[in-house]
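# Below are the sequence and a predicted model for it; my questions follow.
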Amino acid sequence: MKKRILFGFIMAAVALLLVVGLTACSGDEAEERVPFTPVEFIDANPDSPVTLTYVGWTNEGTNQAIDWLASRINELYPNITVEVNAVASDFYGAMSSSMSAARLIDVAMHGGAVPLLEWADTPQPWWVDLIEEGYYVDLTDMPFMRHWNQAAVENSMMHNGRVYFVTTSFIGINGIFYNRGMFNEHGWSTPTTWDEFVALGNDIRAAGIPVMTGAGGDGWPVGMILNHFLDTMLPNPYEWSRGLWQGTTALNDAYGVRIYERIAEFISFYEEGFRGLDYGSAIGRFQAGLVAMYPGGTWDGTGILTHAPDMELGFFTLPGDDPAGHPVQMAGRYDLGFAIPYYAPNIQEALIFLHVLSQPENFEVFANLNGGITTMDVPITEPFTASLAPFNQAAYFTFQMYREFPEGVGQFADWEVAWAHLITAGGDMTPQELADAAAADWDLAMGR
């Protein structure tokens, strides 16, 4: 049994979970914590009903997976009902903050750990602050952790050698969804080089069909995929990013200008009016067959097929400068993790939530509903997710993982936002002008 509560609008002020977590632990006297013993999991006790409160953000595949998990938990532990509080990602901070203040959360969705960049003079990530404040339950010695892929544990679930998150997937952000039926009808082939991608876009346009769409109104879905050009056009993205801080590279150096040129050319293939579309509307236009392609993250695949089950959905990774015939591998980050706040009203039952999720036979069902590259070795039979295998042979962290900016940096330095200033996006700047403005903003913030 489950309860699903969908928050369509949150009236609370948007605040980081960090603020609430640190506030709850501050004051003249430190709050006394009640310890718990990480014991083996208790049997169901029908005489002691418990409502377990889960909070997270939504997408179609995740919604289906979480609902199934909630039902599975209730099947195994009839006294536990999982209340699913789901909200669009834009409102997640507000919802989690207000519920944290009231100490209502048992299990919270979390993106997982990310690499810490010692060379970037920025505040440490909020989740590190929370760990150091003792906000999350330490999961290191929990028996269920042995089922997860050790590399994924080390890269996305740990901090200072201790485990605080259960992260379930690696998501790709450099993908292009395409209408396979439309491609077959017109004899179009998927590209493996940038020149082939440009030629494809021109062929689609010549056929009188909008090439691709995106949520330019929301901004982030367009900005997200632009990291791909740094992933594939820089000889070493990590070192180039570090060089920005150390003064050995620049946003308007030869690489930087070339990347802005490539971004401008890519944006030129978005349909007219894409700047006014939100996330759902853009995907809806692709599902309806009004455009040929949709650049998006791998998590979008399940949602597209949920609303357009008869669609012949195809996928390829956006080409870079690799030789023809060698598909660019998936670039992305770990996602869809879970954590237990130390104040959780029902810690033992929250551990049962993670225990049930972590059993391979349960995670196999969960993973096939959710999609993405899994962090546990289970069979993937869902057709779309299985089709991603050629792009997952050497998946790697996207440049987005190294995207840190100095305090007070201006509006032009962040390409995930500044793309809107390009002429091809309806702005008034050439790639060179935007690169120069970005470099000037960066240098000003660095005091150079």
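The structure has been received and is ready for your questions.
# What does the residue most central in space within the chain show for phi and psi?
Centroid-nearest residue in the chain: Asp335, 5.4 Å away (criterion: Cα atoms, centre = their mean). Here is the backbone geometry of Asp335 (degrees, to the nearest 10): phi -160, psi 170.
# how far away is the spatially closest residue to Leu234 that is not a sequence neighbour from Asp106?
Once flanking residues are discounted, Leu234 sits nearest to Trp240: 4.8 Å by Cβ to Cβ, 6 or more residues apart in numbering. All C-beta spots, glycine's among them, are computed from the backbone N, C-alpha and C. Separation of Trp240 from Asp106 (Cβ to Cβ, to the nearest Å) stands at 42 Å.
# Quick check: Val107 touching Leu52?
Yes - counting by Cβ atoms under 8 Å, Val107 touches Leu52, with 6.8 Å between them.
# Find residues that contact each of these two.
350, 353 (Cβ atoms under 8 Å, 6 or more residues apart in numbering).
# what sits against the closest residue to Thr140 other than its chain neighbours?
Using Cβ to Cβ, 6+ apart and skipping the chain neighbours, the partner closest in space to Thr140 is Val163 (4.4 Å). Contact analysis of Val163 by Cβ under 8 Å, 6+ apart lists 138-140, 142, 145, 153, 157.
# JSON lines for these, including distance to Ala439?
Listed next are these as JSON lines, based on distance: Cβ to Cβ, whole Å:
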{"residue": "Asp138", "distance to Ala439": "43"}
{"residue": "Leu139", "distance to Ala439": "43"}
{"residue": "Thr140", "distance to Ala439": "44"}
{"residue": "Met142", "distance to Ala439": "48"}
{"residue": "Met145", "distance to Ala439": "45"}
{"residue": "Val153", "distance to Ala439": "39"}
{"residue": "Met157", "distance to Ala439": "37"}
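# Format these as TSV; extra columns: secondary structure and pLDDT.
Below are those laid out as TSV (DSSP: H, G, I helix; E, B strand; the rest coil; pLDDT from 0 to 100):
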residue	secondary structure	pLDDT
Asp138	coil	94
Leu139	coil	94
Thr140	coil	94
Met142	coil	93
Met145	helix	95
Val153	helix	93
Met157	coil	92
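# Need the buried ones from these selected in PyMOL.
In PyMOL syntax, the buried subset of the contacts of Val163 is picked out as below (16 or more other Cβ atoms under 10 Å):
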select buried, resi 139+142+145+153+157
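# Could you spell out which stretches of this structure belong to which domain?
As given by automatic domain parsing, the domain ranges for the chain are 2-171+333-391, 175-330+409-446.
# so can I have TSV of these showing distance to Tyr402?
Formatted as TSV, the domains of the chain follow (distance: least, Cβ to Cβ, whole Å):
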stretch	distance to Tyr402
domain 2-171+333-391	6
domain 175-330+409-446	4
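# Ranked by average pLDDT, which of those domains falls at the bottom?
Lowest mean pLDDT within these: domain 2-171+333-391, a mean of 78.
# And that one, how far out from the chain middle?
Chain-centre distance of domain 2-171+333-391: 14 Å, with Cα atoms, centre = their mean, to the nearest Å.
# if we can go back for a sec, please verify my assumption that the residue nearest to the centre of the chain contacts Gly372.
Yes - contact criterion Cβ under 8 Å: Asp335 and Gly372 qualify, at 7.1 Å.
# Spit out the residues that contact the two alike.
By Cβ under 8 Å, 6+ apart, the residues touching both Asp335 and Gly372 are 169-171, 299.
# From these, pick the one nearest Ala86.
Closest approach to Ala86 among the shared contacts of Asp335 and Gly372 (Cβ to Cβ): Trp299, at 14.4 Å.
# quick one: that closest one from Ala344, how far?
Distance, Trp299 to Ala344, using Cβ to Cβ: 27 Å.
# residue contacts, the closest residue to Gln411 other than its chain neighbours?
In space, and not counting its chain neighbours, Gln411 is closest to Ala418: 6.6 Å by Cβ to Cβ, 6+ apart. Taking Cβ under 8 Å, 6+ apart, we find Ala418 in contact with 411-412, 434, 437-438.
# of these, buried ones?
412, 434, 437-438.
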